[in-house]
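1. build the 3D model from these lines:
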Amino acid sequence: MGNTLKILKKRPAAAIPQRATEGAAGLDLCACIEEPVTLSPGGRAVIPTGIAIGLPDSSYVALIYARSGLGVKHGVCLSNGVGVIDSDYRGEIQVGLCNLGNIPYTIAPGERIAQLVVTPVCPLPVEEVSVLDETKRGDGGFGSTGR
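-> Model (predicted):
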């Protein structure tokens, strides 16, 4: 398969993801919808992208992240935090969005709604143990290393 990201249009109107700039890590995913979709405050929707992908092999994963402009300016973010597209998934990529803002937000057909980042994974073998090695931090949780 080589080290390329294969993209298949599942819907004729789908936009092939692009990087907004040469230095962008993520590919912009666009809403493949026929009509605008309005997210009420606190509302959620699953928005299709119209594409499926093929990763080179199981040493890669595609991660879907929110677009910072939508999140910061409008409170629109991913409903599941980060989307995970496993290397063996071949279905249409759909993006769960939620509106954490206090005014409705309307998603337009073709609008950039999320970004897709491909990254290596390290599928380590799992071993159950009776004790873990000691570290300076230990089991200190939230805020334990200071502000």
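2. tally of neighbours for V118?
-> With neighbours defined by other Cβ atoms under 10 Å, the count for V118 comes to 18. Bear in mind the C-beta positions are built from the backbone N, C-alpha and C, glycine included.
3. so it: helix, strand or coil?
-> Look at V118: counting by DSSP: H, G, I helix; E, B strand; the rest coil, its state is strand.
4. surely it touches S59?
-> No. Applying Cβ atoms under 8 Å, one finds V118 not in contact with S59, separated by 10.8 Å.
5. any idea which residue sits dead centre in this protein?
-> I64 (1.1 Å; Cα atoms, centre = their mean).
6. and the helix or strand where it lies, how far out from the chain middle?
-> Secondary structure from DSSP states H and E places I64 in strand 60-66. Distance, stretch centre to chain centre, for strand 60-66: 5 Å (Cα atoms, centre = their mean, to the nearest Å).
7. which strands and helices sit next to the helix or strand bottoming out on mean pLDDT in the chain?
-> Taking mean pLDDT, DSSP states H and E as the measure, the helix or strand of the chain with the lowest value is helix 68-69, at a mean of 90. Contact partners of helix 68-69 among helices and strands, from 3 or more Cβ pairs under 8 Å, 6 or more residues apart in numbering; DSSP states H and E: none.
8. what's the span of stretch 116-130, first residue to last?
-> 38 Å (Cα to Cα, to the nearest Å).
9. tell me who's in contact with the closest residue to L78 other than its chain neighbours.
-> Nearest in space to L78, with sequence neighbours left out and distances taken as Cβ to Cβ, 6 or more residues apart in numbering, is A66 at 5.0 Å. By Cβ atoms under 8 Å, 6 or more residues apart in numbering, the contact list for A66 reads 76-78, 114-115.
10. now the strands: where do they sit in the protein?
-> In the chain, the segments counted as strands under DSSP state E are 6-9, 27-30, 37-39, 44-48, 51-54, 60-66, 76-78, 83-85, 94-99, 105-107, 112-120.
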